[in-house]
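Enquirer: Have a look; sequence and predicted model below, questions after that.
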Amino acid sequence: MLSFLYRLIRAFRREHGYSPNTVVMSAQHYQQLRADIPGMQDNDSVSRFLMLEIILSEDSVHPHVGWMPQAQQRSSAS
């Protein structure tokens, strides 16, 4: 899952000229991601590691990345 997300991030960056700040995925995909990076203690650690806000949605068949102004404001406030 981690390598899949890296490919999505690179493709987004190539297409738009800037990095995404959000990833939308199902809970099952998120669990797979957590299995790929076992050293992360909590959800905030995973989000900081990826430099993406994680949004869980059961409507998400495949993970996808994007840029949301609200996520940028939250990360700037931290």
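Expert: Structure's in. What do you need?

Enquirer: tell me, which helix in the chain spans the most residues?
Expert: For the chain, the longest helix by residue count, based on DSSP state H, is helix 2-16.

Enquirer: got a list of contacts for that helix?
Expert: 19-20, 23, 33, 36-37, 50, 52, 63-67 (CB atoms under 8 Å, 6 or more residues apart in numbering). In this view, the C-beta of every residue, glycine as well, is placed from N, C-alpha and C.

Enquirer: got these as CSV, with secondary structure and pLDDT columns?
Expert: As requested, the contacts of helix 2-16 are exported to CSV (DSSP: H, G, I helix; E, B strand; the rest coil; pLDDT from 0 to 100):
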residue, secondary structure, pLDDT
19, coil, 95
20, coil, 97
23, strand, 96
33, helix, 93
36, helix, 90
37, coil, 90
50, helix, 93
52, coil, 95
63, coil, 96
64, strand, 95
65, strand, 97
66, strand, 96
67, coil, 96
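
Enquirer: can you give me the end-to-end distance of stretch 47-59?
Expert: Counting by CA to CA, to the nearest Å, you get 20 Å between the two ends of stretch 47-59.

Enquirer: how close does the residue nearest to residue 29 when sequence neighbours are not counted sit to residue 23?
Expert: Among residues not flanking residue 29 along the chain, residue 63 sits closest, at 5.2 Å (CB to CB, 6 or more residues apart in numbering). From residue 63 over to residue 23 the distance is 6 Å, taken as CB to CB, to the nearest Å.
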